[in-house]
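S.K.: model this:
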Amino acid sequence: MARGKKYKEAAKHIDRTKLYSFDEAVALVKKVAFAKFDETVEISLNLSLKKSQNVRDTVVLPHQFSQEKRVLVFAKGEKAQEALDAGATYVGDVDLVEKIRGGWMEFDVAVATPDMMKDVGRLGPILGRRGLMPNPKTQTVTFDIKGALAELKQGRVEFRSDKTGVVHLAVGKVSMDDDKIVENAEIVLAEVVRRKPADAKGDFVKSIALSSTMGPGVMVAVKES
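M.R.: Numbering: from 1, shown residues only. You can find the predicted model right below:
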């Protein structure tokens, strides 16, 4: 991939032979960020996974940095009212299913009560490819609507390994304090390691990199404990 002049200049500040601590890496990522907008800081964890294995869960980041998500809740009766009281952006049942089937997608996260999944399941082809399908593994299929919404508002995000065994997740903005980005990144690492498959052998985390939206990656020393 061809890199621009600013990228190449930024990369000169990074020692490719060194593995940095999270503190050093965050400081360096912020130093070499060159875009005119407030770049996102992302962590990339390269995991040792078999083709049949994957890592998927959610994590609550202590320091938020994105706009509040628009949460849609599929629920009926008392649970629908609970969702409204808890601050859901949209609440409904089959009416929302039909609205989405008609092309409406003005939401960021979908949560559903288990009894709604028969109807919501019809949206699999639509929501699945966008990563929006409610799933028990990500705690978005639950009767605890109030608790789910509280965590989403606190900064709960989903992570999953891609086909190459890499987990990518945003952990902050360049404008944030260094220690807040570091804490978010360390919590992501701990949660990913916690989801290590029981039959995974050897070193689980092969490498860690931090980077900003436009900037070069900074390699981080791996510490799984």
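S.K.: report how many residues lie close to F107.
M.R.: 17 (other C-beta atoms under 10 Å). From N, CA and C alone the C-beta is placed, and that goes for glycine too.
S.K.: also R16?
M.R.: 9.
S.K.: how about stretch 138-149: buried residues?
M.R.: 138-142, 145-146, 148-149 (16 or more other C-beta atoms under 10 Å).
S.K.: next one: it to chain centre, how far?
M.R.: Relative to its chain's centre, stretch 138-149 lies at 17 Å (C-alpha atoms, centre = their mean, to the nearest Å).
S.K.: ok, and what's touching it?
M.R.: Contacting residues not belonging to stretch 138-149 are listed as 56-58, 71, 73, 75, 79, 82-83, 85-88, 109-114, 117, 134-136, 151, 156, 158 [C-beta atoms under 8 Å, 6 or more residues apart in numbering].
S.K.: buried ones only from these, please, as a ChimeraX command.
M.R.: Listed next is the ChimeraX selection for buried residues among the contacts of stretch 138-149, using 16+ other C-beta under 10 Å:
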select :58,71,73,75,79,82,83,86,88,109,110,111,112,113,117,134,135,151,156,158
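S.K.: now, the contacts of stretch 138-149 that are in helices?
M.R.: Cross-referencing the contacts of stretch 138-149 against helices under DSSP state H gives 79, 82-83, 85, 117, 151.
S.K.: just the buried residues of stretch 138-149 now: which is nearest R122?
M.R.: V141 (14.9 Å; C-beta to C-beta).
S.K.: got a list of what the residue nearest to L123 when sequence neighbours are not counted touches?
M.R.: Distances taken as C-beta to C-beta, 6 or more residues apart in numbering put I100 closest to L123, at 5.7 Å, once the chain neighbours are dropped. Contacts for I100 (C-beta under 8 Å, 6+ apart) come out as 123, 126-127.
S.K.: no further questions, thank you.
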